[in-house]
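J.: predicted model, plus sequence, below.
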Amino acid sequence: MISTPNVTGIAVVVVALAAVCYSKGASPHSFWKFLRQKAALVAGRGLPDFAQLTGFPHPKPVHGLNIAHTRPRPYRPFRWEYHQNMSLKKLEPDYWLELESTYRDRIAQRQQIYALHGKRIIDELPGSEAASKELMEMVIQYLCLRYPQQFEFDEWTLTFHNYILGTTANISTVHPLVFLLENVPEDFLITQEDPDTGLYTLRAAVSTSAVGWNISQKIGKPLHDIHGPVPDYKEKMAFSMDRQVMWYFSKMPCDKPIQRGSWGLEIGEPLYLQTDEPEWSHRQHQNPDLPLSDIHMRVDWQTLRRLPKSRAIVFNFKALFTPVTDFRNEPFIPKLLLKVLLEGKKAIMEYKGTWSVEHKVIPALREWAKEQEDKGWVPKDWQEKTLNEDPFYPGWEKHYPIPT
C-alpha cells in the first residue's frame, strides 16, 4: 500500500509535470499521454528506447501527411557499368519504413495473399520468437515517432492504434509477424546465427512480395541457399559472400544499418507471383500487342539492420511499381536504362524479367533519350554511367516533395 506522504509526493510531481507541459503549449491529451508513458516505464510495460539501445537515431516526425497523395521517392537503382554486387548504402533514419499512397490497398492485398497461401507467407522456427517480438516493438516505435498523426501506441494498455485503417491491436496477444503483415506494407526476414556453422539462417519471416520463390522454400536455410537462383551468385559470390557474411554479420553493429535496391521490369504490378501460376508464362514470350502503359519497373528497396537485444539480423524490403512511361520526363534515365538493357549480361537481364518486354521498352527508351538530348536535358556527348544522384536522378526533388 502507498502511504499518505508518498501519495502526496506523487500528486506534487504530477502537478509540477502538468505545469511544465502546459507552459510549453502541450495539450491535456499530450500531457496525459506523456504521463501514461512514464508510468508504463516505471511499471516495466513500456517500449525500450531503440535509439539508445542501437545508437542509431530516431526518425524526425512528419506532420500534415496526406497519405492518399504521398508518393514514394523515385528509386532508380540503375548502374553502369553493371556488375552483380550488393551496392550497399547507409540507411537514412527517416526512411526505414516509408509510407505512401498505396498503403491501404497494399495492406488489404497482403491480408488476402496470406489468407490464400498461409505458411508460404508467414513462418517461423523455434527460438525466433524473441527476435520477432523485438522487431515488432522497434517497428511500432518507429511508426509512432515518424508518423505521429497516423499511429499511436498506449504503453499502459499495450494497444497500437492505426488511424489510417481505423484498427487497433494489443501487442500482448497479437502474433508479431501477423502484426507486421497487417500494419506495415513491407516484408521482413529475420536471420539468426547457427551456433554450429556460424552461418546466418532464415528463422522467421513475413513475405507477400515474393516473385518466383516463397518463404516455405527458404525457411531454415543459410544465405547461399536463399540466393541460389541469382545469376553469378554461386559462381562469383557464394564462397566469398559466405566468408564475408560470417565476418560481417558477426561484427555488424546496431548503429550502422544499410540499404540497397534491386529492380526488374514487369507486365502489370505482380506483388506475389509463383512459377506454377498462369501469369508466370508471360515471362516466356513477347506479346506484340502489349501496351507500353502496362509495363512497370519494380524496385525492391531493401534494408538490413541488427536488433540490439536478440542480436538477430533483419532484412526488410518493399516493392514499388513505376510505369516505364514516367521515365520520359526523368533526365538521364532513358539513356542509362537503354545501355543496361542492350549491353548488360544476358543472364542477369533474364533474371530481372526484362526480355518479355524489351521489344516495347527499348524503342521507347531510344525515342525518349533522343528527345531529352534535343531538349537539352542531357548533353549529347554524355557517356552512360551511374548517376551521382543514385538511386535517384537530377532534379527529382521538384516532382517528389519530401514530407516534413
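T.: Nice, I can see it.
J.: wait, what's in contact with residue 330?
T.: Residue 330 sits next to 74, 76, 393, 396 when contact means C-beta atoms under 8 Å, 6 or more residues apart in numbering. Quick note: C-beta positions are derived from backbone N, CA and C, even for glycine.
J.: report the contact partners of the third one.
T.: Counting by C-beta under 8 Å, 6+ apart, residue 393 makes contact with 74, 76, 330, 331, 332, 333, 387.
J.: so which of those residues is the most crowded?
T.: When neighbours are taken as other C-beta atoms under 10 Å, the top entry among those is residue 333 (27 neighbours).
J.: let me know the secondary structure of residue 108.
T.: For residue 108, the assignment made with DSSP: H, G, I helix; E, B strand; the rest coil gives helix.
J.: neighbours around it, how many?
T.: Using other C-beta under 10 Å, residue 108 is surrounded by 12 other residues.
J.: still on that earlier bit, now for the contacts of residue 330: which two are most distant?
T.: Farthest-apart pair in those is 76 and 396; separation 8.4 Å (C-beta to C-beta).
J.: CSV please, covering the contacts of residue 330 and showing distance to residue 313, secondary structure and pLDDT.
T.: CSV is the format used below for those (distance: C-beta to C-beta, whole Å; DSSP: H, G, I helix; E, B strand; the rest coil; pLDDT from 0 to 100):
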residue, distance to residue 313, secondary structure, pLDDT
74, 28, coil, 96
76, 27, coil, 97
393, 31, coil, 97
396, 31, helix, 96
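J.: closest to residue 160 among those residues?
T.: Within these, proximity to residue 160 (C-beta to C-beta) peaks at residue 74, which comes in at 30.6 Å.
J.: what about the helices in this structure?
T.: Counting by DSSP state H, the chain has helices at residues 4-23, 28-42, 50-54, 103-117, 129-146, 176-183, 215-218, 223-226, 238-251, 333-343, 346-351, 355-374.
J.: so which elements touch the fourth one?
T.: If you count contacts as 3 or more C-beta pairs under 8 Å, 6 or more residues apart in numbering; DSSP states H and E, helix 103-117 packs onto helix 176-183.
J.: against which helices or strands is the helix it packs on packed?
T.: Helix 176-183 packs on helix 103-117, strand 122-124, helix 129-146, strand 159-162, strand 167-170, strand 200-206, going by 3+ C-beta pairs under 8 Å, 6+ apart.
J.: residues of the third one that come out buried?
T.: This points to helix 129-146. 129, 131-146 (16 or more other C-beta atoms under 10 Å).
J.: again, but for stretch 189-197
T.: In stretch 189-197, counting by 16+ other C-beta under 10 Å, buried: 189, 190, 191, 192, 193.
J.: quick one: those as a markdown table, columns for distance to residue 353 and pLDDT too.
T.: Formatted as a markdown table, these follow (distance: C-beta to C-beta, whole Å; pLDDT from 0 to 100):
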| residue | distance to residue 353 | pLDDT |
| --- | --- | --- |
| 189 | 21 | 97 |
| 190 | 27 | 98 |
| 191 | 26 | 96 |
| 192 | 31 | 96 |
| 193 | 33 | 93 |
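J.: just those: which are in strands?
T.: Within these, residues falling in strands by DSSP state E are 189, 190, 191, 192, 193.
J.: of those, closest to residue 115?
T.: So of these, ranked by how close each gets to residue 115 (C-beta to C-beta), first place is residue 189, at 20.8 Å.
J.: ok, that closest one - contacts?
T.: 202, 204, 205, 207, 314, 315, 316.
J.: now these in TSV, with neighbour count?
T.: Shown next, in TSV, are these (neighbours: other C-beta atoms under 10 Å):
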residue	neighbour count
202	23
204	25
205	27
207	26
314	23
315	18
316	23
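J.: out of the residues you listed, which is nearest to residue 225?
T.: residue 202 (9.0 Å).
J.: give me the distance between the closest one and residue 184.
T.: Distance of residue 202 to residue 184, given as C-beta to C-beta, to the nearest Å: 19 Å.
J.: nice, that's everything, thank you.
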